[in-house]
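> build the 3D model from these lines:
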Amino acid sequence: MQELRLDICTLRTRESPLPDGPAKVVTDAEALRMRTIVLFAHPAQRRSSINLAMASEARKLTNVSFVDLYEEYPRFEIDVDREQARLSAHDLIVFQFPTFWYSTPAILKEYQDLVLEYGFAYGPAGKKLDGKFLLVATTTGGSEHDYSSDGGNRHPFRSFLLPLEQTASLCGMRFLPPFVLHSANHIESESARGHIFAYGRLLSAVSSGDLDPASLMSRDLLTRSSIPTVVGV
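Numbering: from 1, shown residues only. Model prediction:
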C-alpha cells in the first residue's frame, strides 16, 4: 500500500476583502478547514475497547463535533430536523462503527433511512449535502487476508462498503477511502494503538485544514501506516 506523505510547507496567504474594512489575510490552512462531525454507532460498547478509544480521541478534538447515536437515540427516535441541520452545518461527515455482518449497526441504517430523505439529500431540490465529504472509519474482526478474493469473505473489504459509497454519490458527496483496522481484537496490540492514535491525527489534520481530503480520493483504503504520525507546520 502506497505510503501517504503529508508535506506541509510555509503557508501562503491571500487577501479576503471585507465590506467595510481592511482586507483580511486568510491562510491556505484556514481556507481548507473542514467543519467535521463524527457520527458514532456501536450497540455493544461494553465489549468494545478499540472503538471506544477511537471515539475518545475524536471527543478530545475541540474543532470536531461528536455524536454517539446510540446514546442520543436509545429508542431509535431520531430527530430528523436536528440531524439534517447537523449535517448541513459540516463539511466532513464521519461514520464511525464496527463492521457487523458485513454492514453498519442498525441505528446507522435507520439514520440514513430517515435523515437522508428526498428533498434534502437527493432529488431535484435535495442538494443540501452536495460537495461534502463522507469518511467511513471502521474496524473488522477478520484479517486483511480474510477480506480478499481468496480469503474467507471472498471479496475485498471495500466491496462491502458499496451501499455507503453509492449513497454518498446519490447525495452528491465525495466518498473518501475508508479508514480501516482489520483484526481489531486486542487493544494492547501495536496495530490497535497505532490506529487509535492515527485516527485522532487524521481528524485533526483534516478539520484544521492541514490536510486536504480531496488529496486522498485516489486511494483505496487508509490505515495507520498511511497516516502521518505528526502533523504540523
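> alpha carbons only for contacts and neighbour counts from here, please
Noted.
> so where do the helices sit in this structure?
28-32, 50-60, 69-72, 80-88, 106-115, 162-170, 190-208 (DSSP state H).
> confidence-wise, which helix or strand of this structure is lowest on average?
The helix or strand of the chain with the poorest confidence is strand 13-16; it has a mean of 37 (mean pLDDT, DSSP states H and E).
> reformat the helices of the chain into CSV and put distance to His155, mean neighbour count and mean pLDDT next to each item.
Formatted as CSV, the helices of the chain follow (distance: least, Cα to Cα, whole Å; neighbours: other Cα atoms under 10 Å; pLDDT from 0 to 100):
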stretch, distance to His155, mean neighbour count, mean pLDDT
helix 28-32, 35, 16, 62
helix 50-60, 24, 19, 94
helix 69-72, 29, 16, 97
helix 80-88, 31, 14, 98
helix 106-115, 22, 16, 98
helix 162-170, 12, 16, 98
helix 190-208, 23, 20, 92
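> how near is Phe120 to His90?
According to Cα to Cα, to the nearest Å, Phe120 stands 15 Å off from His90.
> show me what contacts Arg193?
The contact partners of Arg193, taken as Cα atoms under 8 Å, 6 or more residues apart in numbering, are Ile187.
> any idea how far it lies from Leu181?
Arg193 is 11 Å from Leu181, by Cα to Cα.
> for Lys128, same thing?
Using Cα to Cα, Lys128 is found at 31 Å from Leu181.
> between those two, tell me which one has more neighbours.
Taking other Cα atoms under 10 Å, Lys128 and Leu181 do not tie; Leu181 has more neighbours (25 against 20).
> make sure that one is actually in contact with Thr139.
Yes - Leu181 is within contact range of Thr139, at 4.8 Å (criterion: Cα atoms under 8 Å).
> what is in contact with those two at once?
Between them, Leu181 and Thr139 share no contacting residue under Cα under 8 Å, 6+ apart.
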